[in-house]
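my questions concern the predicted model and sequence given below.
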Amino acid sequence: MSSAAAEAAKDRGNEATKTRNFGEAVRCYTEAIQLDSTNATYYSNRSAAYTGLRDYENAIADADKALAIDPKFVRAYQRKGQALSAQQKYVEAIKVYQAALEIDPNNAQIMKLFQDTLQFAQESQMREAQMEQLQGLQEIFRDPVSFCYNYPELEELATKRNFIIKANEIRDDFSKFQEYSDDEDIRAFAVFALKRRAMEKLSPEERASQQKKDQEMREEMMRFEDAERDRKRKEEKERKERELKEKAEREANSRTPEQTKALQIKEEANQLYKKKQFTEALALYDQAATLDPTNITYLNNKAACYMEMGEIAKAREISETAVDIGRENRADFTLIARALTRIGSTYLKEENYEKAIECYKRSLLEHRSADTLNLQKKAEKLLEEKKAREYYSPELSAKHKEEGNEFFKKQNYPEAIKCYTEAVKRQPDNHVNYSNRAACYIKLMAYPEALKDADKCIAINPKFAKGYLRKGQAHFLMKDNNKALEAYDAGLKLEPNNAEIQAGIQKVMNSINSGEPQDEEAVRRNVERDPELQAILRDPMMQQVLQDLKSDPKAAQHHMRDPITRANIEKLIAAGIISTR
């Protein structure tokens, strides 16, 4: 074995690679390997030469041999990743680059290849998807009207003359699709048909495989983005620390003896402040301010002492002086912002919330601080509560409610809502106002709003039967029989003889027993909103029951003997999932 001869052969291979004579390079590197098969570099170099010859399989094999010799050889990972990427095996290449970055996180070349490969992968997926979509669109427009009749979701399109004309034009000349792609019906048809086609085209195994690949790609992207975020945060943190250190050094070098002395006194004062010895701390902050009158830090600290001592006006006066001096001397924005925040806090103490909010906003313009933002939100909330207290008037609420009642009798529901809304504002803890407004919303077919008001009414007074009546009515009109019955039953427990509630229950039962097919979309929405129905439908036992009912309706008698199964079946019937016809 001759290491010198092997190195000479390697050098000849490197020269051949530089002139892009990859065949000669492979021959030289092979000679080096024959002389010394334990050198990972020779395999790595031959891998690069094979890639130059577009012999990617041998390139990958050599990279693997190099890694078997030296598992931490980053250059071999690079060779393998480049060969895989050249074969458009981007997901595998990305994994190889990630392994290299785990060994050498600061390798700029590997990071660049990693980022480029991620981009290539995304672009490749997009190109494949676009080509597939284009082919799929041409197929579905071969007979668009017949396609619509095959799916209930598209039957309405088949009756639209404008859609049929445009769809047939696209069938005869596919270039027309670009012209009509902004048409709402054409776009809806294309999107639905492509999704349906894609789902039908894949076998369950293929669908699972594709989902796995997509998930892997998403995870890789997320890991990369997280790593990039962490790296940038680390860099930003280091940059800020460096800047602060440099700034501190500059300030220390430019500081006068008086300023240095002032800082020493401030540190003593800070210790006294922590011990709540505010009078003594004030005296020292005064000394520091005298030595360095342009540094508003000492004024801010004095204001903090006065705040702690309860001398609000004095704290505000000192802080206002700090702002003026700070602006004159171009002080750090954070120091001016701190003084403005403290002025806002003095107004907050005095319950002058408008002025407090104004000062907090001015402070945030100087420097955005989470603490100041929270104080602003607190002041805004307190102001809102104050206004609500000042606006609160049961007498005026009752007056607006009566006005609303008059409009309701005249069937002028929009005006009635306005009156009831004002009544709510004047007395937000009066449950009747919400109930009355819910009745108006029901008349105007604004059922979700009615449901919100009914729920609010019940939350304020859970023993008010009319609240449950309104809730039941809203659920019934939203075609959610199951929820309607629950609401009515709750109201009937409070008032067993309530005629309106009894009539409501009868309406629901008539709807259920009529066997009329319910709106499928409404049933679907009800299931999506109701976790209990979802749990019933997911239960394997209930799935078997539903299968039995479909194949043998007489099986219902057997299943109804079990009280839990019976209750579940009744809920599914009420929800419209099981038809009684």
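On my side now, so go ahead.

tell me where the stretch 351-500 of the chain has strands.
Counting by DSSP state E, counting those that start in this stretch, the stretch 351-500 of the chain has no strands at all.

helices along that one, start to end?
Ranges of helices within the stretch 351-500 of the chain are 353-366, 370-391, 394-409, 413-426, 431-443, 447-460, 465-477, 481-494, 499-513, based on DSSP state H, counting those that start in this stretch.

of all those helices, which one comes closest to residue 274?
Nearest to residue 274, of all these, is helix 370-391, at 18.7 Å by C-beta to C-beta. C-beta here means a position set from N, CA and C on the backbone, and glycine is covered the same way.

check which helices and strands that closest one sits against.
If contacts are counted by 3 or more C-beta pairs under 8 Å, 6 or more residues apart in numbering; DSSP states H and E, helix 370-391 sits against helix 333-349, helix 353-366.

helices and strands around the first one, which ones?
If you count contacts as 3+ C-beta pairs under 8 Å, 6+ apart, helix 333-349 packs onto helix 297-308, helix 312-328, helix 353-366, helix 370-391.

contacts for the shortest one, please.
Helix 297-308 has contacts (C-beta atoms under 8 Å, 6 or more residues apart in numbering) with 262, 266, 269-270, 273, 276, 278, 281-282, 285-286, 288-289, 292, 312, 314-316, 318-319, 321-322, 325, 335, 338-339, 342, 345-346, 349.

of all the helices of the stretch 351-500 of the chain, which lies closest to residue 257?
Here helix 353-366 is closest among the helices of the stretch 351-500 of the chain (C-beta to C-beta), at 30.7 Å.

CA atoms only: put the closest one into PDB for me.
Once non-C-alpha atoms are left out, helix 353-366 reads as follows in PDB (Å, rounded to 0.1, in the frame of the first residue of the first chain):
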ATOM      1  CA  TYR A 353     -59.000  57.100  32.300                       C
ATOM      2  CA  GLU A 354     -59.200  59.200  29.200                       C
ATOM      3  CA  LYS A 355     -56.000  61.100  30.100                       C
ATOM      4  CA  ALA A 356     -54.300  57.900  31.200                       C
ATOM      5  CA  ILE A 357     -55.100  56.200  27.800                       C
ATOM      6  CA  GLU A 358     -53.800  59.300  26.000                       C
ATOM      7  CA  CYS A 359     -50.500  59.200  27.900                       C
ATOM      8  CA  TYR A 360     -50.100  55.500  27.400                       C
ATOM      9  CA  LYS A 361     -50.600  55.900  23.600                       C
ATOM     10  CA  ARG A 362     -48.000  58.700  23.500                       C
ATOM     11  CA  SER A 363     -45.600  56.400  25.400                       C
ATOM     12  CA  LEU A 364     -46.100  53.500  23.000                       C
ATOM     13  CA  LEU A 365     -45.200  55.900  20.100                       C
ATOM     14  CA  GLU A 366     -41.900  56.500  21.800                       C
END
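
now it: mean pLDDT?
Averaging the model's pLDDT scores along helix 353-366 yields 95.

cool, stretch 284-295 as well?
Stretch 284-295 carries an average pLDDT of 93.

CA-only coordinates of it in PDB, if you can.
Extracted in PDB, the C-alpha atoms of stretch 284-295 (Å, rounded to 0.1, in the frame of the first residue of the first chain):
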ATOM      1  CA  LEU A 284     -29.900  60.500  46.900                       C
ATOM      2  CA  TYR A 285     -31.700  60.700  43.500                       C
ATOM      3  CA  ASP A 286     -31.700  64.500  44.000                       C
ATOM      4  CA  GLN A 287     -27.900  64.400  44.500                       C
ATOM      5  CA  ALA A 288     -27.500  62.300  41.400                       C
ATOM      6  CA  ALA A 289     -29.800  64.700  39.300                       C
ATOM      7  CA  THR A 290     -27.800  67.700  40.500                       C
ATOM      8  CA  LEU A 291     -24.500  66.100  39.400                       C
ATOM      9  CA  ASP A 292     -26.000  65.000  36.000                       C
ATOM     10  CA  PRO A 293     -29.000  67.200  35.200                       C
ATOM     11  CA  THR A 294     -29.500  66.000  31.600                       C
ATOM     12  CA  ASN A 295     -30.000  62.300  32.600                       C
END
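
tell me the pLDDT of residue 137.
For residue 137, the model assigns a pLDDT of 68.

what do you get for the one 4 residues further on?
Residue 141 carries a pLDDT score of 77 in this model.

do residue 263 as well
91.

do residue 125 as well
For residue 125, the model assigns a pLDDT of 64.

rewinding a little: among the helices of the stretch 351-500 of the chain, which is nearest residue 97?
helix 370-391 (38.0 Å).

mean confidence for that closest one?
Helix 370-391 comes out with an average pLDDT of 93.

closest one to residue 45 among the helices and strands packed on helix 370-391?
Closest of the helices and strands packed on helix 370-391 to residue 45 is helix 333-349, at 56.3 Å (criterion: C-beta to C-beta).

quick one: mean pLDDT for the closest one?
Over the span of helix 333-349, the pLDDT mean works out to 95.

ok and it relative to helix 312-328, angle-wise?
Between helix 333-349 and helix 312-328, the angle comes out at 160 degrees (axes from the mean of the first three to the mean of the last three C-alpha atoms, to 10 degrees).

who touches helix 333-349?
Applying C-beta under 8 Å, 6+ apart, the external contacts of helix 333-349 come out as 296-297, 299-300, 303-304, 307, 312-313, 315-316, 319-320, 322-323, 326-327, 353, 355-360, 362-364, 366-367, 369, 371-372, 375-376, 378-379, 382.

same question for stretch 215-225.
91, 94, 95, 98, 114, 115, 118, 121, 125.

ok, for the fourth one, nearest residue in space, not its chain neighbours?
Which is residue 98. Setting aside the residues directly before and after it, residue 98 is nearest to residue 114 in space (C-beta to C-beta, 6 or more residues apart in numbering), at 7.1 Å.

since we're on the one you found, how many residues are nearby?
Residues contacting residue 114 under the criterion other C-beta atoms under 10 Å number 22.

any idea which of the helices and strands packed on helix 333-349 is most buried?
Comparing these by mean neighbour count (mean count of other C-beta atoms under 10 Å), helix 297-308 comes out on top with a mean of 22.

now the element after the strand or helix carrying residue 33, going C-ward?
Assigned by DSSP states H and E, residue 33 belongs to helix 22-35. Per DSSP H and E, the first helix or strand lying C-terminal to helix 22-35 is helix 40-52.

what comes into contact with that following helix?
6, 10, 13-14, 16-17, 20, 22, 25-26, 29-30, 32-33, 36, 56, 58-60, 62-63, 65-67, 69-70, 73, 75-76, 79-80, 82-83, 86.

restrict that helix to CA atoms and write it as CSV.
Provided in CSV are the C-alpha atoms of helix 40-52 (Å, rounded to 0.1, in the frame of the first residue of the first chain):
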residue,chain,number,x,y,z
ALA,A,40,-13.0,8.4,2.7
THR,A,41,-11.9,11.4,0.6
TYR,A,42,-11.1,9.2,-2.4
TYR,A,43,-14.6,7.8,-2.4
SER,A,44,-16.1,11.2,-1.9
ASN,A,45,-14.1,12.7,-4.8
ARG,A,46,-15.1,9.8,-7.1
SER,A,47,-18.7,10.4,-6.1
ALA,A,48,-18.4,14.0,-7.3
ALA,A,49,-16.9,12.7,-10.6
TYR,A,50,-19.7,10.2,-11.1
THR,A,51,-22.2,13.0,-10.6
GLY,A,52,-20.4,15.0,-13.3
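
enumerate the positions of stretch 483-497 that are buried.
The neighbour-count check on stretch 483-497 (16 or more other C-beta atoms under 10 Å) flags 483, 484, 485, 486, 487, 488, 490, 491, 492, 495 as buried.
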